[in-house]
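S.K.: Sequence plus the predicted model coming up.
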Amino acid sequence: MPPKKLLVVDDEIGIQNLLTRVLRSEGYDIRTADNGDSAIQMAKEDLPDLVLCDIVMPGKDGIAALRELKQLSPKIEVIMLTAHSTVENAVEAMKLGAADYLKKPFDVEELKIVIEKTLGVADLKRENSALREEIGLKYGIDHIVGKHPKMREIFEFIKTVASTPSTVLIHGESGTGKELIAGAIHYHSPRRHKPFVKVNCAAISEELLESELFGHEKGAFTGAVRTSEGKFVMADGGSILLDEVSEMSPKLQAKLLRVLQEKEVDKVGGREPVKVDVRVMATTNRNLEEEIKKRNFREDLYYRLNVVTISFPPLRERKSDIPELCNFFLAKYNREMNRKIQAVSRDAEQILLRCQWPGNVRQLENCIERAVVLCKESTIEVEHLPPEIHSLSPDAGRDSAADIQAGMTVAEMERSLIMETLKMTNNNRTRAAEILGISIRTLRNKLNEYRTAQSEKVSA
């Protein structure tokens, strides 16, 4: 890593020489100027990482130089030095963006620490900015793959909804990419510079989920060795995504309803509610109206969440996007695995286009990742595709495929695919869930639903 560039601006030659000697010994690249005009000109020619600037100088003083340096680039860090310290000077310098303010004569060791701290904070800001930009690109509408008319409608809807503070409920099967839609809404909204916090409600037990969402005080329960803010407080000013909100217990649904109504959270073990300003988005792969009838989901919470609704189509309803998705995932895993696979063969693509994709885009991504691992040539062929992909095509034999027929409901087709996948994996639920692109908990819930429905049918 090249040395950090420091510019020393002081009309006293003794100070210039002292700082040059001391800071070069610390490995910094040092340049000097004796007035504000020279400093600005040097900064324009070669942008410094940090400027040590005297306030009282002939011609352009340090405050004027600070103002121009920050206009030139907000990324330039400036530490002010002066023998004529006043509260007014300090306040003005900090308002203009100075990182710190030291009075002459200063302790050299203290100055070293201040410089190191200032540069460290600057590096952290740049890393955070780069990370936010990378995440913003990931969730940008232009980076969500999909040219199908249904996807285009959703993109236009996102642009309309993003600027509002409304709660959003996103419907869609597991693996369709509902999180990407929520992220796109956040990163196209006025809240994009604030946190985007995600919580998977299906992956955390009820006891832990309450603390995870709303926080807890130290000693509130066994194992609470320190105070926790909770995800809602972490998301203050930004957005929170409650992934698979339908998996939340009735008790937590009640607490969530209070957050939506009162704009405040109650920590576990806390005495006073904490005010929060958070945009709530939620996803579900269930029919919440049916869940309300079964008394699994609160009707009042449903209406609070269902202000704006987006229905995300399954992959089988937008198969024209499959070639573009394949190219996207192929490029992704070529980068990650340092491979140079150029394309998916026509025969392999035809199989992918015929597949019903019960696990949706997530399953397709897993399929391409596996193919990239196995492929030794420049083109992915049929033999590189997982065996189960062949059995998920409508024209596959009945011995190896789910019995899917025209006229079936989506729920019937889903059940058929799940049961056939379990049969194919010798009832290995973990493997079946992985193939289907759903969580083991979702698979377990589906099987419980089927057993309940069968029992009711028999008793009837």
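M.R.: Done, it's in.
S.K.: Next one: Asp266 from Pro105, what distance?
M.R.: Remark: distance between Asp266 and Pro105 (C-beta to C-beta, to the nearest Å) = 54 Å. Placement of C-beta: from N, CA and C, glycine included.
S.K.: same question, Met281
M.R.: 56 Å.
S.K.: These two: which has the busier surroundings?
M.R.: Neighbour tally, Met281 and Pro105, criterion other C-beta atoms under 10 Å: the higher count belongs to Met281, 29 against 8.
S.K.: That one: helix or strand, and which one exactly?
M.R.: strand 279-284 (DSSP states H and E).
S.K.: CA atoms of that strand as PDB?
M.R.: Extracted C-alpha coordinates of strand 279-284, given in PDB (Å, rounded to 0.1, in the frame of the first residue of the first chain):
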ATOM      1  CA  ARG A 279     -40.100   1.500   7.200                       C
ATOM      2  CA  VAL A 280     -41.400  -2.100   7.500                       C
ATOM      3  CA  MET A 281     -41.400  -4.500   4.600                       C
ATOM      4  CA  ALA A 282     -42.400  -8.100   4.900                       C
ATOM      5  CA  THR A 283     -42.400 -11.200   2.700                       C
ATOM      6  CA  THR A 284     -44.400 -14.300   2.800                       C
END
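S.K.: Give me the contact list for it.
M.R.: 165-172, 178-179, 182, 185-186, 189, 191, 238-246, 259-260, 305 (C-beta atoms under 8 Å, 6 or more residues apart in numbering).
S.K.: If any of those are buried, put those into a PyMOL selection.
M.R.: Entered in PyMOL, the line below selects the buried ones among the contacts of strand 279-284, by 16 or more other C-beta atoms under 10 Å:
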select buried, resi 168+169+170+171+172+178+179+182+185+186+189+191+238+239+240+241+242+243+244+245+246+259+305
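S.K.: Narrow the contacts of strand 279-284 to those in strands?
M.R.: Taking DSSP state E as the definition of strands, those contribute Val168, Leu169, Ile170, His171, Ser239, Ile240, Leu241, Leu242, Asp243.
S.K.: ok, back up a step: how far out from the middle of the chain is the strand holding Met281?
M.R.: Relative to its chain's centre, strand 279-284 lies at 14 Å (C-alpha atoms, centre = their mean, to the nearest Å).
S.K.: The helix or strand just after that strand: which residues count as buried?
M.R.: Proceeding N to C from strand 279-284, the next assigned helix or strand is helix 288-293, under DSSP H and E. By neighbour count on 16+ other C-beta under 10 Å, the buried set for helix 288-293 is Leu288, Glu291, Ile292.
S.K.: Next: stretch 338-348.
M.R.: Residues Ile341, Val344, Ala348 are the ones in stretch 338-348 that count as buried (16+ other C-beta under 10 Å).
S.K.: Can you get me the start-to-end distance on it?
M.R.: Taking C-alpha to C-alpha, to the nearest Å, the first and last residues of stretch 338-348 lie 22 Å apart.
S.K.: and what of stretch 221-234?
M.R.: Stretch 221-234 end-to-end distance (C-alpha to C-alpha) = 21 Å.
S.K.: contacts for that stretch?
M.R.: Applying C-beta under 8 Å, 6+ apart, the external contacts of stretch 221-234 come out as 195, 197, 199, 207, 211-218, 240, 259, 265, 267-269, 274, 276, 278.
S.K.: try 10 Å this time
M.R.: Here stretch 221-234 makes contact (C-beta atoms under 10 Å, 6 or more residues apart in numbering) with 195, 197-199, 207-220, 235-236, 240-242, 256, 259, 263-270, 274-276, 278, 280.
S.K.: Among these, name the buried ones.
M.R.: Using 16+ other C-beta under 10 Å, the buried ones in the contacts of stretch 221-234 are 197-199, 209-216, 220, 235-236, 240-242, 256, 259, 265-268, 270, 274, 276, 278, 280.
S.K.: Which ones among the residues you listed map onto helices?
M.R.: Residues of these located in helices (DSSP state H): Leu209, Glu210, Ser211, Glu212, Leu213, Phe214, Leu256, Val259.
S.K.: The third one: what's it in contact with?
M.R.: The contact partners of Ser211, by C-beta under 10 Å, 6+ apart, come to Ile204, Ala220, Phe221, Gly223, Ala224, Ser228, Gly230, Lys231, Lys267, Val268, Gly269.
S.K.: one more time with 8 Å
M.R.: Ala220, Phe221, Ala224, Ser228, Gly230, Val268.
S.K.: can you tell me which two in the residues you listed are farthest apart?
M.R.: Largest separation among the contacts of Ser211 by C-beta to C-beta: Phe221 and Gly230, giving 13.8 Å.
S.K.: Give the rounded mean pLDDT of stretch 202-219.
M.R.: Computed over stretch 202-219, the mean pLDDT rounds to 86.
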